[in-house]
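K.L.:
Fold the following.
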Amino acid sequence: MSMKESKPNLRHSQVTEIVKRLFGLTASIMRPLPSYDDQNFYVTSSDGGEFVLKIMNSADSQNFTVLEVQTHAMNFLHQRGLPAQTALPTLTGQLMSLEEIDCGIGKLTKICGKLTYRLLTYLPGTTIAKITSSPQILYEVGKIAATLDKVLLQMEHPNISTLQRENFKWNLDSIPLLNQYLHVMDGDPVQKIVKGVMEQYQAQVVPKLTLFRKCVNHGDINDHNLLLEPNGPSAYKISGILDFGDMSNGYFIFELAIAIMYMMIENPNPIDVGGPVVAGWESVFPLNYAERDALYLLVLGRFCQSLVLARHAVIQQPENKEYLMMTAKTGVHHLCRLWELGKEEVERIWFLSAAQFSQGTVINSPLD
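P.N.:
Presented below is the predicted three-dimensional model:
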């Protein structure tokens, strides 16, 4: 099933009815929120409560047990003090509801299938993408990313094994799977860099996988999935961690690489991002030699995944091109610059900056 076929496209009247029938709420304000392959709505109820209705695409809705574990993880993190959304129960006490959906032509169709609905708490704040990230903010990003993965090590669930998502295209150990999508880059000179990154990943990262520490990854610590609130006259604190749809078993170093890559996207000095993020990360979870040695290629690997998979998604969802290609706008330039500088120089910048940052810049962290 293609992304275009599986992405929900419910009308406002349908969403209003679902919120009332499943959750007993009368929607007074409702507006769509941007999404990659799901459908999300901000909802204010008549009594003033604020929520996010998340409607999973029909392909992911079939993986109901994976969604259960992700929902459990959000609640688990929230209970331990991390600012994750939580799911509110339906009128029948369930945290999720799998429903057949009427496409609007008077009968059910195979394309619409069944969709999973969750009503999540609304978290206040501004996405990092809209704020110029200071070194202190970047430090906090690294710190909360490492904290999240460490806390998830303690999580238990009868279906936790479903997070071993074989061939999940967004997992960083799935870089070789990009081969099947590379044709979308034909004629683009960046394709040569993507191929080079994939070759080096195979030669230099794959042999080290057994040396990386395992964990459960959030998998999408990006500049639109972290919310900030002011914390004093010139500082910010992280007030929200959003979108657990890419959760899977992986390695600690994967989470760090993903966080660095996405924090570079809107930053005016992207090469300088890695240092404070690494410093924040290592304040919680120091890296071993193999993890440090792989970080550069893993960051490049995530850029390649994002650029190639976004190009492929746009072919299926041309109407959603602006959202799908957000990372690509600056991501191509960042990938080329990292490749041009090379592993040795980028590592020197990142790790020297991280050491200097850790030695005195950070005294009191809002997350302590």
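K.L.:
Only C-alpha atoms from now on, for both contacts and neighbour counts.
P.N.:
Fine.
K.L.:
In the stretch 251-368 of the chain, mark out all the helices, start to finish.
P.N.:
Per DSSP state H, counting those that start in this stretch, the stretch 251-368 of the chain carries helices over the ranges 252-264, 274-282, 289-316, 321-324, 326-341, 343-356.
K.L.:
Contacts for the last one next, please.
P.N.:
In this structure, residues lying in contact with helix 343-356 by Cα atoms under 8 Å, 6 or more residues apart in numbering are 271-279, 296-297, 338.
K.L.:
how long is stretch 314-327 end to end?
P.N.:
Start-to-end span of stretch 314-327 (Cα to Cα, to the nearest Å) is 13 Å.
K.L.:
send the alpha carbons of stretch 336-344 over as CSV?
P.N.:
Extracted as CSV, the C-alpha positions of stretch 336-344 are listed here (Å, rounded to 0.1, in the frame of the first residue of the first chain):
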residue,chain,number,x,y,z
CYS,A,336,27.5,18.2,1.2
ARG,A,337,29.3,20.4,3.8
LEU,A,338,29.8,17.5,6.2
TRP,A,339,31.0,15.3,3.4
GLU,A,340,33.4,18.0,2.2
LEU,A,341,34.9,18.6,5.6
GLY,A,342,35.4,14.9,6.2
LYS,A,343,35.2,12.7,9.3
GLU,A,344,38.4,13.8,11.0
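K.L.:
Which positions in that stretch come out as buried?
P.N.:
Within stretch 336-344, the residues that count as buried by 16 or more other Cα atoms under 10 Å are 336, 338-339.
K.L.:
Averaged pLDDT, it. What do you get?
P.N.:
Mean per-residue pLDDT for stretch 336-344: 97.
K.L.:
For L152, give me its contacts.
P.N.:
73, 77, 215-216.
K.L.:
what about it, distance to G331?
P.N.:
Taking Cα to Cα, one finds L152 at 30 Å from G331.
K.L.:
Also A87?
P.N.:
Per Cα to Cα, A87 is found 33 Å from G331.
K.L.:
Pick the one among the buried residues of stretch 336-344 closest to D38.
P.N.:
Nearest to D38 among the buried residues of stretch 336-344: C336, at 30.6 Å, using Cα to Cα.
K.L.:
Give me the distance between that closest one and A259.
P.N.:
With Cα to Cα as the criterion, C336 and A259 are 18 Å apart.
K.L.:
Check N9 too.
P.N.:
In terms of Cα to Cα, N9 sits 30 Å off from A259.
K.L.:
Also N249?
P.N.:
Distance from N249 to A259, by Cα to Cα: 16 Å.
K.L.:
Assign a three-state SS to S35, would you?
P.N.:
When classified by DSSP: H, G, I helix; E, B strand; the rest coil, S35 comes out as coil.
K.L.:
Can you say which of the contacts of helix 343-356 are buried?
P.N.:
Here, 16+ other Cα under 10 Å leaves 271-279, 296-297, 338 buried among the contacts of helix 343-356.
K.L.:
Widest-spaced pair of the residues you listed?
P.N.:
Spatially, the most separated pair among the buried ones among the contacts of helix 343-356 is A279 and L338, at 19.7 Å (Cα to Cα).
K.L.:
okay, the contacts of helix 343-356 in a markdown table with distance to E255 next?
P.N.:
Output for the contacts of helix 343-356, formatted as a markdown table (distance: Cα to Cα, whole Å):
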| residue | distance to E255 |
| --- | --- |
| I271 | 18 |
| D272 | 18 |
| V273 | 15 |
| G274 | 13 |
| G275 | 15 |
| P276 | 15 |
| V277 | 11 |
| V278 | 11 |
| A279 | 14 |
| Y296 | 13 |
| L297 | 13 |
| L338 | 19 |
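K.L.:
Next, the residue nearest to the spatial centre of the chain: secondary structure please.
P.N.:
Closest residue to the average C-alpha location of the chain: D220 at 1.8 Å, with Cα atoms, centre = their mean. Secondary structure for D220, judged by three-state DSSP, is coil.
K.L.:
these two touch, right, it and I258?
P.N.:
Yes. Between D220 and I258 a contact is recorded at 6.8 Å, counting by Cα atoms under 8 Å.
K.L.:
out of everything not next to it in sequence, what's closest to T330?
P.N.:
With Cα to Cα, 6 or more residues apart in numbering as the criterion, T330 has its nearest non-adjacent residue at 6.1 Å, and that residue is I265.
K.L.:
Who are the contact partners of the one you found?
P.N.:
223, 327, 330-331, 334.
K.L.:
how about the helices in the stretch 1-150 of the chain?
P.N.:
Remark: helices assigned in the stretch 1-150 of the chain by DSSP H, counting those that start in this stretch are 3-6, 12-23, 58-61, 64-79, 135-152.
K.L.:
Looking at stretch 290-307 now, give me its mean pLDDT.
P.N.:
Mean per-residue pLDDT for stretch 290-307: 97.
K.L.:
What are the contacting residues of that stretch?
P.N.:
170, 172, 175, 178, 194, 197-198, 200-201, 204-205, 208, 211-212, 253-254, 257-258, 260-261, 325, 327-328, 331-332, 335, 338-339, 343, 346-347.
K.L.:
Quick one: end-to-end length of stretch 262-274, please.
P.N.:
By Cα to Cα, one end of stretch 262-274 lies 10 Å from the other end.
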